[in-house]
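*Asks:* Structure, please.
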Amino acid sequence: MITLPVIQGPSSYKLTGHLQKFRENPLGFLENLTQYGEIATFRVAHKRFYVTRDPQLIKDVVITNSKAFQKIKLTHMFKTLLGEEMLWTDEALYMSPIQPSQLKQHLTFNKEAIAKIIEKHTETWEEGQLRTIVKDIRQIVIAVLLQLVFGISIEEKDKIHYVQALMRKKEKLGKIYIRLPLHQPDSDEQLEQLLFERVQMRVQNKTAGNDLLQYILNSYGEDSDEREIYEQLNSIFLSMYEMITHVCSWSIHLLSQNTREHLQLHKEIQAYASGESLSTKNLTYMRKIIAESMRLYPPLWLFGRQAREDIQIDGYSIKKGEIMLISPYMMHRHEDYFLEPSEFLPDRFEKGGSIDVPSYMYMPLGIEHQAERGMDYITEIVTIFLSEMTKRFLFQLTKPESIAPMAGVMLNMKEELKVNVHKVHAQS
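*Replies:* Numbers count the residues shown, from 1 in each chain. Model prediction:
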(Lines give C-alpha, C1' and ligand atoms only; values in the text may rest on other atoms or scores of the structure.)
Protein backbone atom coordinates (compact mmCIF):
# COMPACT_ATOMS: atom_id res chain seq x y z
CA MET A 1 0.00 0.00 0.00
CA ILE A 2 1.32 3.44 -0.99
CA THR A 3 1.21 6.00 1.80
CA LEU A 4 0.38 9.46 0.47
CA PRO A 5 1.94 12.50 2.14
CA VAL A 6 -0.21 14.35 4.68
CA ILE A 7 -0.87 17.96 3.74
CA GLN A 8 0.00 20.14 6.72
CA GLY A 9 -1.63 23.32 8.01
CA PRO A 10 -2.50 25.25 11.19
CA SER A 11 -4.82 23.61 13.71
CA SER A 12 -8.13 25.10 14.82
CA TYR A 13 -10.77 23.83 17.21
CA LYS A 14 -13.37 26.51 16.43
CA LEU A 15 -16.60 25.56 14.66
CA THR A 16 -15.80 28.16 11.98
CA GLY A 17 -12.28 26.80 11.58
CA HIS A 18 -9.82 29.42 10.32
CA LEU A 19 -12.44 31.81 8.91
CA GLN A 20 -11.87 34.57 11.48
CA LYS A 21 -8.08 34.44 11.05
CA PHE A 22 -8.43 34.51 7.27
CA ARG A 23 -10.77 37.52 7.32
CA GLU A 24 -8.59 39.46 9.76
CA ASN A 25 -5.62 39.43 7.38
CA PRO A 26 -6.06 37.32 4.21
CA LEU A 27 -2.62 38.07 2.75
CA GLY A 28 -0.86 37.51 6.05
CA PHE A 29 -2.77 34.27 6.54
CA LEU A 30 -1.73 32.97 3.11
CA GLU A 31 1.88 34.06 3.72
CA ASN A 32 1.88 32.13 7.00
CA LEU A 33 0.76 28.97 5.18
CA THR A 34 3.99 28.91 3.14
CA GLN A 35 5.84 27.56 6.19
CA TYR A 36 4.03 24.25 5.60
CA GLY A 37 5.45 23.83 2.08
CA GLU A 38 4.25 24.29 -1.49
CA ILE A 39 0.80 23.05 -0.53
CA ALA A 40 -0.96 23.69 2.78
CA THR A 41 -4.46 23.28 4.18
CA PHE A 42 -6.96 25.12 6.36
CA ARG A 43 -10.63 24.76 7.26
CA VAL A 44 -13.70 27.01 7.03
CA ALA A 45 -16.50 25.42 9.04
CA HIS A 46 -16.83 21.89 7.60
CA LYS A 47 -15.15 22.76 4.28
CA ARG A 48 -11.51 21.82 3.65
CA PHE A 49 -9.37 24.25 1.61
CA TYR A 50 -5.90 23.82 0.14
CA VAL A 51 -3.51 26.53 -1.06
CA THR A 52 -0.65 25.77 -3.44
CA ARG A 53 2.26 27.71 -4.95
CA ASP A 54 3.50 24.77 -7.04
CA PRO A 55 3.13 25.63 -10.78
CA GLN A 56 3.06 21.94 -11.80
CA LEU A 57 0.28 21.15 -9.33
CA ILE A 58 -1.67 24.19 -10.54
CA LYS A 59 -1.36 22.99 -14.13
CA ASP A 60 -2.47 19.48 -13.17
CA VAL A 61 -5.51 20.81 -11.29
CA VAL A 62 -6.65 23.41 -13.82
CA ILE A 63 -5.54 21.88 -17.14
CA THR A 64 -4.46 18.22 -17.00
CA ASN A 65 -7.27 17.07 -14.69
CA SER A 66 -9.76 19.83 -15.48
CA LYS A 67 -12.66 17.38 -15.69
CA ALA A 68 -12.09 16.37 -12.07
CA PHE A 69 -12.32 19.99 -10.84
CA GLN A 70 -14.97 22.64 -11.34
CA LYS A 71 -14.38 26.37 -11.39
CA ILE A 72 -15.59 28.25 -8.32
CA LYS A 73 -17.46 31.42 -9.21
CA LEU A 74 -15.55 34.43 -7.87
CA THR A 75 -18.79 35.83 -6.47
CA HIS A 76 -19.32 32.72 -4.32
CA MET A 77 -15.68 32.50 -3.25
CA PHE A 78 -15.38 36.09 -2.02
CA LYS A 79 -18.77 35.88 -0.29
CA THR A 80 -17.70 32.71 1.57
CA LEU A 81 -14.18 33.71 2.54
CA LEU A 82 -14.52 37.47 2.99
CA GLY A 83 -18.23 38.13 3.32
CA GLU A 84 -17.98 40.65 0.45
CA GLU A 85 -20.22 41.11 -2.57
CA MET A 86 -18.88 41.15 -6.11
CA LEU A 87 -21.55 42.37 -8.49
CA TRP A 88 -20.05 41.43 -11.83
CA THR A 89 -19.80 38.10 -13.59
CA ASP A 90 -16.68 36.11 -14.40
CA GLU A 91 -17.64 36.41 -18.07
CA ALA A 92 -17.54 40.23 -17.84
CA LEU A 93 -13.99 40.09 -16.53
CA TYR A 94 -12.96 38.25 -19.70
CA MET A 95 -14.99 40.54 -22.01
CA SER A 96 -17.23 37.77 -23.35
CA PRO A 97 -18.63 37.55 -26.02
CA ILE A 98 -16.65 40.36 -27.73
CA GLN A 99 -13.85 39.19 -29.99
CA PRO A 100 -10.20 40.36 -29.57
CA SER A 101 -10.14 41.94 -33.04
CA GLN A 102 -13.27 43.94 -32.15
CA LEU A 103 -11.74 45.14 -28.89
CA LYS A 104 -8.59 46.28 -30.68
CA GLN A 105 -10.57 48.15 -33.34
CA HIS A 106 -12.78 49.67 -30.65
CA LEU A 107 -9.83 51.07 -28.66
CA THR A 108 -8.07 52.37 -31.77
CA PHE A 109 -11.17 54.36 -32.65
CA ASN A 110 -11.61 55.73 -29.11
CA LYS A 111 -7.96 56.54 -28.26
CA GLU A 112 -8.32 60.26 -28.98
CA ALA A 113 -11.54 60.40 -26.96
CA ILE A 114 -9.73 58.90 -23.96
CA ALA A 115 -6.93 61.46 -24.30
CA LYS A 116 -9.49 64.26 -24.47
CA ILE A 117 -11.18 63.05 -21.27
CA ILE A 118 -7.85 63.00 -19.41
CA GLU A 119 -6.93 66.45 -20.73
CA LYS A 120 -10.29 67.87 -19.64
CA HIS A 121 -10.05 66.37 -16.16
CA THR A 122 -6.49 67.54 -15.50
CA GLU A 123 -6.55 70.99 -17.12
CA THR A 124 -7.08 72.76 -13.78
CA TRP A 125 -4.30 70.93 -11.94
CA GLU A 126 -1.66 73.31 -10.61
CA GLU A 127 2.12 72.89 -10.44
CA GLY A 128 3.14 71.03 -7.28
CA GLN A 129 -0.47 70.55 -6.22
CA LEU A 130 -1.20 67.78 -3.72
CA ARG A 131 -3.76 65.37 -5.16
CA THR A 132 -5.55 62.41 -3.66
CA ILE A 133 -4.79 60.71 -6.93
CA VAL A 134 -6.97 57.59 -6.69
CA LYS A 135 -10.06 59.79 -6.47
CA ASP A 136 -8.96 61.49 -9.68
CA ILE A 137 -8.32 58.14 -11.33
CA ARG A 138 -11.81 56.93 -10.43
CA GLN A 139 -13.46 59.97 -11.96
CA ILE A 140 -11.40 59.70 -15.15
CA VAL A 141 -12.02 55.94 -15.48
CA ILE A 142 -15.78 56.44 -15.05
CA ALA A 143 -15.81 58.99 -17.89
CA VAL A 144 -13.62 56.76 -20.08
CA LEU A 145 -15.81 53.70 -19.54
CA LEU A 146 -19.04 55.60 -20.15
CA GLN A 147 -17.53 56.47 -23.54
CA LEU A 148 -16.20 52.97 -24.27
CA VAL A 149 -19.11 50.91 -23.01
CA PHE A 150 -22.22 53.06 -23.53
CA GLY A 151 -21.05 55.71 -26.00
CA ILE A 152 -21.67 58.58 -23.56
CA SER A 153 -19.18 61.17 -24.81
CA ILE A 154 -17.41 63.95 -22.93
CA GLU A 155 -19.81 66.44 -24.54
CA GLU A 156 -22.61 64.87 -22.48
CA LYS A 157 -20.97 66.26 -19.34
CA ASP A 158 -24.21 66.41 -17.34
CA LYS A 159 -24.64 62.65 -17.65
CA ILE A 160 -20.98 62.01 -16.80
CA HIS A 161 -21.10 64.23 -13.71
CA TYR A 162 -24.35 62.56 -12.67
CA VAL A 163 -22.84 59.06 -12.90
CA GLN A 164 -19.67 60.19 -11.12
CA ALA A 165 -21.76 61.60 -8.27
CA LEU A 166 -23.80 58.39 -8.03
CA MET A 167 -20.65 56.26 -7.97
CA ARG A 168 -19.15 58.43 -5.23
CA LYS A 169 -22.33 57.92 -3.25
CA LYS A 170 -21.81 54.17 -3.48
CA GLU A 171 -18.36 54.34 -1.91
CA LYS A 172 -17.66 53.48 1.69
CA LEU A 173 -16.84 56.60 3.65
CA GLY A 174 -13.11 56.90 4.27
CA LYS A 175 -12.08 54.04 1.96
CA ILE A 176 -9.43 54.63 -0.68
CA TYR A 177 -10.51 51.84 -2.94
CA ILE A 178 -14.21 51.26 -3.16
CA ARG A 179 -15.71 47.81 -3.15
CA LEU A 180 -18.22 48.29 -5.88
CA PRO A 181 -21.00 48.69 -5.36
CA LEU A 182 -21.91 49.45 -1.77
CA HIS A 183 -25.62 48.68 -1.73
CA GLN A 184 -27.61 51.90 -1.57
CA PRO A 185 -30.93 51.33 -3.35
CA ASP A 186 -31.49 54.97 -4.40
CA SER A 187 -28.14 55.39 -6.15
CA ASP A 188 -28.32 51.87 -7.61
CA GLU A 189 -31.75 52.54 -9.11
CA GLN A 190 -30.77 55.97 -10.44
CA LEU A 191 -27.64 54.61 -12.09
CA GLU A 192 -29.55 51.70 -13.59
CA GLN A 193 -32.25 54.00 -14.95
CA LEU A 194 -29.76 56.25 -16.74
CA LEU A 195 -27.74 53.44 -18.32
CA PHE A 196 -30.74 51.23 -19.12
CA GLU A 197 -32.38 54.15 -20.92
CA ARG A 198 -29.22 54.43 -23.02
CA VAL A 199 -29.55 50.78 -24.06
CA GLN A 200 -33.27 51.18 -24.79
CA MET A 201 -32.64 54.23 -26.98
CA ARG A 202 -30.02 52.41 -29.07
CA VAL A 203 -32.12 49.26 -29.45
CA GLN A 204 -35.32 51.08 -30.38
CA ASN A 205 -33.77 53.73 -32.63
CA LYS A 206 -31.36 51.24 -34.24
CA THR A 207 -28.60 53.87 -34.22
CA ALA A 208 -25.00 52.72 -34.58
CA GLY A 209 -22.08 53.55 -32.29
CA ASN A 210 -18.39 52.79 -31.79
CA ASP A 211 -18.78 51.32 -28.31
CA LEU A 212 -19.14 47.95 -26.62
CA LEU A 213 -22.91 48.40 -26.63
CA GLN A 214 -22.77 48.22 -30.42
CA TYR A 215 -20.75 44.99 -30.41
CA ILE A 216 -23.18 43.39 -27.96
CA LEU A 217 -26.14 44.52 -30.06
CA ASN A 218 -24.50 43.03 -33.16
CA SER A 219 -24.05 39.69 -31.37
CA TYR A 220 -27.79 39.60 -30.57
CA GLY A 221 -28.95 40.50 -34.05
CA GLU A 222 -32.69 41.12 -34.39
CA ASP A 223 -33.52 39.30 -31.16
CA SER A 224 -32.26 42.05 -28.84
CA ASP A 225 -33.32 41.68 -25.21
CA GLU A 226 -32.89 45.14 -23.69
CA ARG A 227 -32.71 43.94 -20.09
CA GLU A 228 -30.23 41.16 -20.85
CA ILE A 229 -28.02 43.51 -22.88
CA TYR A 230 -28.03 46.06 -20.06
CA GLU A 231 -27.11 43.45 -17.43
CA GLN A 232 -24.22 42.24 -19.57
CA LEU A 233 -22.91 45.76 -20.23
CA ASN A 234 -23.35 46.86 -16.62
CA SER A 235 -21.31 43.88 -15.46
CA ILE A 236 -18.54 44.77 -17.95
CA PHE A 237 -18.69 48.41 -16.81
CA LEU A 238 -18.32 47.50 -13.12
CA SER A 239 -15.59 44.89 -13.62
CA MET A 240 -13.53 47.11 -15.91
CA TYR A 241 -13.99 50.05 -13.54
CA GLU A 242 -12.52 48.03 -10.70
CA MET A 243 -9.72 46.46 -12.73
CA ILE A 244 -8.55 49.57 -14.60
CA THR A 245 -8.72 51.77 -11.49
CA HIS A 246 -6.76 49.11 -9.63
CA VAL A 247 -3.91 48.84 -12.18
CA CYS A 248 -3.68 52.60 -12.79
CA SER A 249 -3.59 53.38 -9.07
CA TRP A 250 -0.94 50.85 -8.10
CA SER A 251 1.12 51.79 -11.19
CA ILE A 252 1.16 55.47 -10.22
CA HIS A 253 1.97 54.50 -6.64
CA LEU A 254 4.98 52.50 -7.85
CA LEU A 255 6.12 55.21 -10.27
CA SER A 256 5.88 57.89 -7.59
CA GLN A 257 8.10 55.72 -5.37
CA ASN A 258 10.70 54.92 -8.04
CA THR A 259 12.11 58.08 -9.63
CA ARG A 260 14.53 56.33 -12.02
CA GLU A 261 11.81 54.17 -13.58
CA HIS A 262 9.41 57.12 -13.66
CA LEU A 263 11.90 59.27 -15.59
CA GLN A 264 12.77 56.42 -17.96
CA LEU A 265 9.08 55.99 -18.76
CA HIS A 266 8.68 59.74 -19.29
CA LYS A 267 11.68 59.70 -21.66
CA GLU A 268 10.11 56.90 -23.71
CA ILE A 269 6.79 58.73 -23.93
CA GLN A 270 8.51 61.93 -25.05
CA ALA A 271 10.34 59.99 -27.75
CA TYR A 272 7.12 58.67 -29.28
CA ALA A 273 4.90 61.71 -28.72
CA SER A 274 4.06 63.52 -31.94
CA GLY A 275 2.52 66.92 -31.36
CA GLU A 276 -0.73 66.46 -29.47
CA SER A 277 -1.08 62.78 -30.40
CA LEU A 278 0.77 59.89 -28.81
CA SER A 279 1.44 56.53 -30.41
CA THR A 280 1.38 53.69 -27.87
CA LYS A 281 2.55 51.03 -30.32
CA ASN A 282 6.25 51.21 -29.39
CA LEU A 283 5.94 51.88 -25.66
CA THR A 284 7.85 48.76 -24.61
CA TYR A 285 9.00 50.12 -21.24
CA MET A 286 5.42 51.17 -20.46
CA ARG A 287 4.28 47.59 -20.94
CA LYS A 288 7.03 46.40 -18.61
CA ILE A 289 5.83 48.91 -15.99
CA ILE A 290 2.24 47.66 -16.24
CA ALA A 291 3.26 43.99 -16.22
CA GLU A 292 5.41 44.52 -13.11
CA SER A 293 2.61 46.47 -11.41
CA MET A 294 0.22 43.56 -12.06
CA ARG A 295 2.83 41.13 -10.76
CA LEU A 296 3.10 42.94 -7.43
CA TYR A 297 -0.62 43.76 -7.18
CA PRO A 298 -2.57 41.40 -9.47
CA PRO A 299 -6.15 42.50 -10.23
CA LEU A 300 -7.33 38.95 -9.51
CA TRP A 301 -5.43 37.91 -6.39
CA LEU A 302 -7.31 34.70 -5.55
CA PHE A 303 -9.32 32.04 -7.37
CA GLY A 304 -10.09 28.36 -6.91
CA ARG A 305 -11.24 24.95 -8.10
CA GLN A 306 -13.44 22.40 -6.32
CA ALA A 307 -12.96 18.64 -6.68
CA ARG A 308 -15.89 16.91 -8.41
CA GLU A 309 -14.69 13.53 -7.14
CA ASP A 310 -12.07 11.93 -4.93
CA ILE A 311 -8.75 12.20 -6.76
CA GLN A 312 -5.06 11.56 -6.26
CA ILE A 313 -3.01 14.25 -7.94
CA ASP A 314 0.77 14.74 -7.85
CA GLY A 315 0.98 12.43 -4.84
CA TYR A 316 -1.76 14.17 -2.85
CA SER A 317 -5.23 12.94 -2.00
CA ILE A 318 -8.06 15.44 -2.55
CA LYS A 319 -11.61 14.46 -1.59
CA LYS A 320 -14.79 15.35 -3.43
CA GLY A 321 -16.00 18.85 -2.50
CA GLU A 322 -12.62 20.07 -1.22
CA ILE A 323 -11.30 23.31 -2.67
CA MET A 324 -7.90 24.16 -4.12
CA LEU A 325 -7.13 27.89 -3.86
CA ILE A 326 -4.57 29.61 -6.08
CA SER A 327 -3.29 33.07 -5.23
CA PRO A 328 -1.54 35.01 -8.02
CA TYR A 329 -0.41 37.47 -5.33
CA MET A 330 1.50 34.69 -3.56
CA MET A 331 2.70 33.05 -6.78
CA HIS A 332 4.10 36.34 -8.09
CA ARG A 333 6.18 36.76 -4.93
CA HIS A 334 7.65 33.25 -4.92
CA GLU A 335 11.35 33.66 -4.13
CA ASP A 336 12.31 30.52 -6.11
CA TYR A 337 11.06 32.03 -9.38
CA PHE A 338 11.35 35.81 -9.02
CA LEU A 339 14.56 37.64 -8.18
CA GLU A 340 13.91 40.05 -5.29
CA PRO A 341 10.18 39.30 -5.52
CA SER A 342 9.03 42.24 -3.38
CA GLU A 343 10.97 44.81 -5.42
CA PHE A 344 9.66 46.88 -8.33
CA LEU A 345 11.88 45.73 -11.22
CA PRO A 346 10.17 46.32 -14.58
CA ASP A 347 13.18 45.03 -16.52
CA ARG A 348 12.52 41.52 -15.25
CA PHE A 349 10.01 41.44 -18.13
CA GLU A 350 10.98 41.00 -21.76
CA LYS A 351 10.32 43.56 -24.50
CA GLY A 352 6.82 42.25 -25.24
CA GLY A 353 5.81 42.00 -21.58
CA SER A 354 6.60 38.28 -21.26
CA ILE A 355 8.69 36.80 -18.45
CA ASP A 356 10.96 33.78 -18.16
CA VAL A 357 9.19 31.78 -15.45
CA PRO A 358 7.34 28.44 -15.56
CA SER A 359 3.84 28.41 -16.97
CA TYR A 360 1.18 29.35 -14.41
CA MET A 361 3.57 31.46 -12.34
CA TYR A 362 2.43 34.81 -13.79
CA MET A 363 -1.35 35.15 -14.04
CA PRO A 364 -2.75 38.58 -13.09
CA LEU A 365 -6.26 37.64 -14.27
CA GLY A 366 -6.11 33.92 -13.55
CA ILE A 367 -5.61 31.15 -16.06
CA GLU A 368 -8.88 30.90 -17.92
CA HIS A 369 -8.41 30.57 -21.66
CA GLN A 370 -10.22 33.93 -22.05
CA ALA A 371 -8.01 35.71 -19.48
CA GLU A 372 -5.61 36.98 -22.14
CA ARG A 373 -8.45 38.85 -23.86
CA GLY A 374 -9.44 40.66 -20.66
CA MET A 375 -5.82 41.38 -19.75
CA ASP A 376 -5.03 42.77 -23.21
CA TYR A 377 -8.01 45.13 -23.00
CA ILE A 378 -7.10 46.34 -19.51
CA THR A 379 -3.43 46.71 -20.45
CA GLU A 380 -4.22 48.77 -23.54
CA ILE A 381 -6.51 51.17 -21.66
CA VAL A 382 -3.98 51.52 -18.83
CA THR A 383 -1.25 52.14 -21.42
CA ILE A 384 -3.25 54.99 -22.96
CA PHE A 385 -4.13 56.34 -19.51
CA LEU A 386 -0.60 56.29 -18.09
CA SER A 387 0.86 57.62 -21.36
CA GLU A 388 -1.43 60.64 -21.34
CA MET A 389 -0.91 61.25 -17.62
CA THR A 390 2.88 60.87 -17.74
CA LYS A 391 3.05 63.05 -20.85
CA ARG A 392 1.56 65.85 -18.75
CA PHE A 393 2.79 65.19 -15.20
CA LEU A 394 5.42 63.61 -12.98
CA PHE A 395 4.17 62.24 -9.66
CA GLN A 396 5.98 62.64 -6.36
CA LEU A 397 4.95 60.64 -3.32
CA THR A 398 4.40 62.80 -0.24
CA LYS A 399 6.11 60.24 2.00
CA PRO A 400 8.62 57.52 1.11
CA GLU A 401 6.86 54.63 2.81
CA SER A 402 5.08 52.12 0.61
CA ILE A 403 1.32 51.77 1.03
CA ALA A 404 0.41 48.23 2.02
CA PRO A 405 -2.29 46.25 0.22
CA MET A 406 -5.46 45.14 1.99
CA ALA A 407 -7.28 42.19 0.48
CA GLY A 408 -10.95 42.53 -0.32
CA VAL A 409 -12.53 41.68 -3.66
CA MET A 410 -9.60 43.75 -4.94
CA LEU A 411 -6.22 44.49 -3.37
CA ASN A 412 -7.21 47.80 -1.80
CA MET A 413 -4.81 50.42 -0.47
CA LYS A 414 -4.74 50.63 3.32
CA GLU A 415 -4.44 54.42 3.21
CA GLU A 416 -4.95 57.27 0.80
CA LEU A 417 -2.43 57.70 -1.98
CA LYS A 418 -1.45 61.37 -2.06
CA VAL A 419 1.03 62.70 -4.60
CA ASN A 420 2.35 66.07 -5.69
CA VAL A 421 1.86 66.60 -9.42
CA HIS A 422 4.54 68.42 -11.40
CA LYS A 423 3.75 69.72 -14.86
CA VAL A 424 5.86 68.52 -17.76
CA HIS A 425 6.83 71.21 -20.25
CA ALA A 426 6.45 70.10 -23.83
CA GLN A 427 9.69 69.67 -25.76
CA SER A 428 10.17 71.91 -28.73
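
*Asks:* Could you list which residues are in contact with the closest residue to residue 261 other than its chain neighbours?
*Replies:* Nearest residue to residue 261 in three dimensions, chain neighbours excluded: residue 346, at 5.9 Å (Cβ to Cβ, 6 or more residues apart in numbering). All C-beta atoms are positioned from the backbone trio N, CA, C, and that covers glycine. Remark: with contacts taken as Cβ atoms under 8 Å, 6 or more residues apart in numbering, residue 346 is in contact with 261, 285, 288, 289, 291, 292.

*Asks:* Distance-wise, check residue 346 relative to residue 255.
*Replies:* Here the criterion is Cβ to Cβ, to the nearest Å. By it, residue 346 lies 10 Å from residue 255.

*Asks:* ok, residue 52 - contacts?
*Replies:* For residue 52, counting by Cβ under 8 Å, 6+ apart, the contacting residues are 38, 39, 40, 58, 61, 324, 325, 326.

*Asks:* again, only this time at 10 Å
*Replies:* Taking Cβ atoms under 10 Å, 6 or more residues apart in numbering as the contact definition, residue 52 lies against 7, 33, 37-41, 58, 61, 314, 316, 324-327, 330-331.

*Asks:* ok, it to residue 10 distance?
*Replies:* On the measure of Cβ to Cβ, residue 52 and residue 10 end up 16 Å apart.

*Asks:* can you give me the strands in the stretch 251-400 of the chain?
*Replies:* With strands called from DSSP state E, counting those that start in this stretch, the stretch 251-400 of the chain shows them at 273-274, 277-278, 303-307, 311-313, 316-318, 323-326, 393-397.

*Asks:* Give the rounded mean pLDDT of the last one.
*Replies:* Read that as strand 393-397. Here the mean pLDDT over strand 393-397 is 93, rounded to a whole number.

*Asks:* Quick one: the strands in the stretch 51-200 of the chain, in order.
*Replies:* In the stretch 51-200 of the chain, the strands defined using DSSP E, counting those that start in this stretch lie at 69-71, 129-132.

*Asks:* Note down every partner strand of the first one and its orientation.
*Replies:* I take that to be strand 69-71. The partner list of strand 69-71 in its sheet, established with DSSP bridges, is strand 303-307 (antiparallel).

*Asks:* Using the record's domain definitions, break the chain down for me.
*Replies:* The chain is divided into the following domains under automatic domain parsing: 1-86+301-331, 87-300+332-423.

*Asks:* Mind checking what secondary structure residue 203 has?
*Replies:* Three-state call for residue 203 (DSSP: H, G, I helix; E, B strand; the rest coil): helix.

*Asks:* which residues does it contact?
*Replies:* With the criterion set at Cβ under 10 Å, 6+ apart, residue 203 makes contact with 213, 217, 220, 224, 225, 226, 229, 230.

*Asks:* And for residue 98?
*Replies:* For residue 98, the residues meeting the contact criterion (Cβ under 10 Å, 6+ apart) are 106, 212, 215, 216, 218, 219, 236, 373, 377.

*Asks:* Where neighbours are concerned, which of these has the most?
*Replies:* Neighbour count (other Cβ atoms under 10 Å) singles out residue 236 as the most crowded of the contacts of residue 98, with 27 neighbours.

*Asks:* Quick one: distance of stretch 46-65 to the chain centre.
*Replies:* Relative to its chain's centre, stretch 46-65 lies at 22 Å (Cα atoms, centre = their mean, to the nearest Å).

*Asks:* of all the strands of the stretch 51-200 of the chain, which lies closest to residue 309?
*Replies:* strand 69-71 (9.2 Å; Cβ to Cβ).

*Asks:* outside of the closest one, which residues touch it?
*Replies:* 60-63, 77, 90, 303-309, 311, 313, 318, 322-324, 366, 368.

*Asks:* Quick check: PyMOL command selecting the buried ones in the residues you listed.
*Replies:* Buried residues within the contacts of strand 69-71, by 16 or more other Cβ atoms under 10 Å, are selected in PyMOL with:
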select buried, resi 60+61+62+77+90+303+304+305+306+307+311+313+318+322+323+324+366+368
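
*Asks:* rewinding a little: for the contacts of residue 346, work out which two are farthest apart.
*Replies:* With distance counted by Cβ to Cβ, no two of the contacts of residue 346 lie farther apart than 261 and 291, which are 12.7 Å apart.

*Asks:* My understanding was that residue 60 contacts residue 39; is that so?
*Replies:* No: the pair residue 60 / residue 39 is not scored as a contact, 11.7 Å apart, by Cβ atoms under 10 Å.

*Asks:* Tell me, how many residues neighbour the residue nearest to residue 190 when sequence neighbours are not counted?
*Replies:* Counting by Cβ to Cβ, 6+ apart, residue 190 lies nearest to residue 166, which is 5.7 Å off, once chain neighbours are set aside. Counted with other Cβ under 10 Å, the neighbours of residue 166 add up to 20.

*Asks:* Does residue 166 touch residue 146 like I think?
*Replies:* No: distance between residue 166 and residue 146: 11.6 Å, which falls outside the contact criterion (Cβ under 10 Å).

*Asks:* Mutual contacts of the two, please.
*Replies:* Taking Cβ under 10 Å, 6+ apart as the contact rule, residue 166 and residue 146 both touch residue 194.

*Asks:* for residue 75, what are its contacts?
*Replies:* Applying Cβ under 10 Å, 6+ apart, one finds that residue 75 lies in contact with 84, 85, 86, 87, 88, 89, 90, 409.

*Asks:* still on that earlier bit, now distance to residue 387 too, for the strands of the stretch 251-400 of the chain, in CSV please.
*Replies:* Supplementary listing: these in CSV, determined by distance: least, Cβ to Cβ, whole Å:
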stretch, distance to residue 387
strand 273-274, 8
strand 277-278, 5
strand 303-307, 30
strand 311-313, 44
strand 316-318, 46
strand 323-326, 32
strand 393-397, 12
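
*Asks:* remind me which residues of this structure are low pLDDT?
*Replies:* Judged against pLDDT under 70, the low-scoring parts of the chain cover residues 1-4, 87, 169-188, 273-279, 351-352, 369-370, 426-428.

*Asks:* Three-state assignment for residue 246, please.
*Replies:* Assigned by three-state DSSP, the conformation of residue 246 is helix.

*Asks:* That one: what's it in contact with?
*Replies:* Counting by Cβ under 10 Å, 6+ apart, residue 246 makes contact with 134, 137, 141, 177, 293-294, 297-301, 378, 382, 410-413.

*Asks:* same check, this time on residue 72
*Replies:* With contact set as Cβ under 10 Å, 6+ apart, residue 72 has these partners: 78, 80, 90, 303, 304, 305, 306, 323, 324, 325.

*Asks:* No further queries at this time; thank you.
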